[in-house]
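S.K.: sharing a sequence plus its predicted fold:
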Amino acid sequence: MAEYEFDTEGVKKTITFLNRKAPYGTIYALEVLESVLISAAFEQHANIVFVDDGVFQIKKGHDTADLEMKNFLPTYGIIEMEKEDADEDEDMDMNWRIIVEKESMEARGLTPEDFKVEVEVLSSAELADVLATSDAVIGG
Amino acid sequence: MLHTVNKSPFERNSLESCLRLAKKGSAILLLEDGVYAAMGGTTVADKVASAAKDNSVYVLGPDMKARGLAEGQLIDGIKVVDYAGFVDLVADNDGVTPWL
């Protein structure tokens, strides 16, 4: 097996993960989630953003048993735990934000209490600033 | 920031979300089925024309041509770019936000 070396020492970027699709109907949501986990392995800053139908990805109470598909709500629970660890650990330089766009959430009759994880609710204008100041945006 | 939209505005809300969340002064490139948003006379034309006043809106020529769309049908203020122009847009802007 080939060996790869990653020269990532000191490299710190802010990556925004822009989730815009509902879960399970397409593969987008799962693919973005995989990328989030990879960025965590490299201790990068991340904004995990939910817009449009993406807000349904973190709605409480998914049960995919009958679909025989991976339920990824538990993974978002782990992401929230990782975020809390990173927030508390002073030696760890990893800033994570979990953000929901207010307009998308309200259009779908949801409130912050409907989500599995604690979120920051931002207006479109505030979110536009987050996107504009990211080093990279991964769409999905 | 360069924003790219590759879905038809009549099938998905990618364009609408892009226009809601792009900061004024952004570059916006319409490509693949996104090129239909660049045509005048549609139900989204007014919105796109107004976006073209606050931002630099581009459309990918080869994708227009493939779909039989002529430059004469474009909304005023939209610029046509070829593949090399696409590369320049990516290189000249600070990051790309894809609206899929």
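M.R.: Received it, and whenever you're ready, just let me know what you need. Numbers count the residues shown, from 1 in each chain, chains lettered A, B, ... in the order given.
S.K.: give me the nearest residue to the residue most central in space within chain B, chain neighbours excluded.
M.R.: By C-alpha atoms, centre = their mean, chain B has its centre lying nearest to residue B:30, at 2.7 Å. Nearest residue to residue B:30 in three dimensions, chain neighbours excluded: residue B:59, at 4.6 Å (C-beta to C-beta, 6 or more residues apart in numbering or on different chains). (Each C-beta comes from the backbone N, C-alpha and C, glycine too.)
S.K.: check the secondary structure at that neighbour for me.
M.R.: strand (DSSP: H, G, I helix; E, B strand; the rest coil).
S.K.: residue contacts, it?
M.R.: By C-beta atoms under 8 Å, 6 or more residues apart in numbering or on different chains, the residues touching residue B:59 are B:29, B:30, B:31, B:35, B:38, B:74, B:78, B:79, B:80, B:81.
S.K.: what about 10 Å?
M.R.: B:5, B:28-31, B:34-39, B:69, B:71, B:74-75, B:78-81 (C-beta atoms under 10 Å, 6 or more residues apart in numbering or on different chains).
S.K.: and it, how close does it get to chain A?
M.R.: Applying C-beta to the nearest C-beta, to the nearest Å, the value for residue B:59 to chain A is 19 Å.
S.K.: are stretch A:38-58 and chain B in contact anywhere?
M.R.: Yes - for stretch A:38-58, a contact with chain B is found by C-beta under 10 Å from any C-beta of the partner chain, at A:49, A:51, A:52, A:53, A:54.
S.K.: before we move on, the earlier item: the residue nearest to the centre of chain B contacts residue B:57, correct?
M.R.: Yes - with contact defined as C-beta atoms under 10 Å, residue B:30 counts as touching residue B:57 (7.1 Å).
S.K.: so what's the backbone phi/psi at residue A:138?
M.R.: phi -100, psi 120 (degrees, to the nearest 10).
S.K.: touching, it and residue B:97? I think so.
M.R.: Yes - using C-beta under 10 Å, residue A:138 is in contact with residue B:97, at 9.4 Å.
S.K.: the more surrounded of these two?
M.R.: residue B:97 (24 against 20; other C-beta atoms under 10 Å in any protein chain shown).
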